[in-house]
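Trainee: what's the 3D shape of this:
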Amino acid sequence: MADVLTDPQSNIYRYLRQPMVRELFEQHASGRHDNHKILFSLVLFENGCARNDSGATMIGVMANPADHGVVREFFELFKTPWELYRPDRRYEVVLCAGEGHVGDVRADLVLIYGGDEVAFDADAKTPVESRRTSTMLSYQGRRMPIYGRCLTFRSERLTLTDEASQQPAAVVLPSGDTVRVRIGYDLFREIGTVLTVGQPPANADIPVVEMHIGLLRDLIVEYAAPLVEILRFRTGIDSLPA
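Mentor: Residues are numbered from 1 along each chain as shown. Okay, here's the model as predicted:
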């Protein structure tokens, strides 16, 4: 990480001022401030710049046209290189939310979000267990409300589960050289609801947008190409996978 952020030749410095980034890094390295999230995003940004130069991008996004505005707002918060999916490119990660067909998608990791069964599920024989609406999920011990429709699956228990039934709300479906992860809710519909309607008072203290970003980040670093280790500064160091 230090090599990327302190190298004046890094691609990110075509867009950012190096002294500001160096200060963030030094704050984090010295323990004065926990900047792991923004530093993680900067490293992904650097990786994305390098891939853009070679004709590829970090994340290709497939979404319903009506959700494109929400997609842009989401990636303003999750500052990671992305573009709307182009079939003439191969991506490391493709994120599909909505009715997009992912059968011919070329990627190392394909993330399929949706609260309804889609064509992919029939083709992949996705083991759908139940269909719910306005449910509460649990991710890494934290509550994450879902305001639209949600699916659960028959699979080994993962870290994303329905709080009431303890059934997994995500399932991993390997396919050759591609890992496909089916997540049982529509990411951009959920983000759109929170940004435009808001949350009920009972859930006001839940940072749900941050949790959606955290889940996506964790899936990328676990199943896509290794990135870089970035440590959280706190007692009992907690690190993101390298």
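Trainee: can we go C-alpha only for contacts and neighbour counts from here?
Mentor: Fine.
Trainee: For the spatially most central residue of the chain, give me the backbone phi and psi.
Mentor: The centre of the chain sits closest to residue 216, judged by Cα atoms, centre = their mean, with a distance of 1.9 Å. As for residue 216, its main-chain torsions (degrees, to the nearest 10) stand at phi -60, psi -50.
Trainee: Please apply the same query to residue 24.
Mentor: phi -60, psi -40.
Trainee: That one touches residue 34, doesn't it?
Mentor: No: contact criterion Cα atoms under 8 Å: residue 24 and residue 34 do not qualify, at 9.1 Å.
Trainee: which residues of this protein score low on pLDDT?
Mentor: 1, 48-58, 99-101, 103, 157-158, 225-242 (pLDDT under 70).
Trainee: One more pass at 50, please.
Mentor: In the predicted model of the chain, residues 55-57, 226-242 satisfy pLDDT under 50.
Trainee: Show me where it has its strands.
Mentor: 59-63, 82-84, 91-97, 107-113, 128-139, 142-153, 160-162, 170-175, 178-183, 231-232, 238-239 (DSSP state E).
Trainee: Can you point out the buried residues in the fifth one?
Mentor: Counting neighbours by 16 or more other Cα atoms under 10 Å, one finds that the buried residues in strand 128-139 are 128, 132, 135-139.
Trainee: out of the residues you listed, which one sits closest to residue 147?
Mentor: For the buried residues of strand 128-139, the minimum distance to residue 147 (Cα to Cα) is 6.8 Å, reached by residue 135.
Trainee: Contact partners for the closest residue to the closest one other than its chain neighbours?
Mentor: Leaving aside its chain neighbours, residue 135 sits nearest to residue 146 (5.4 Å; criterion: Cα to Cα, 6 or more residues apart in numbering). Applying Cα atoms under 8 Å, 6 or more residues apart in numbering to residue 146 gives the contacts 133-137, 185, 190.
Trainee: any idea how far residue 79 is from the residue nearest to the centre of the chain?
Mentor: Using Cα to Cα, to the nearest Å, we find residue 216 at a distance of 12 Å from residue 79.
Trainee: so how far is residue 29 from residue 185?
Mentor: 37 Å.
Trainee: hey, where'd the helices end up in the protein?
Mentor: 2-6, 18-30, 36-53, 68-77, 119-124, 187-196, 208-223 (DSSP state H).
Trainee: Need these in TSV (columns: distance to residue 110).
Mentor: Output for the helices of the chain, formatted as TSV (distance: least, Cα to Cα, whole Å):
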stretch	distance to residue 110
helix 2-6	27
helix 18-30	31
helix 36-53	17
helix 68-77	17
helix 119-124	12
helix 187-196	14
helix 208-223	9
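Trainee: chain center to stretch 68-88, what's the gap?
Mentor: 11 Å (Cα atoms, centre = their mean, to the nearest Å).
Trainee: 24 is where my numbering starts, stick with that
Mentor: Done: numbering now begins at 24, and the last item shifts to stretch 91-111.
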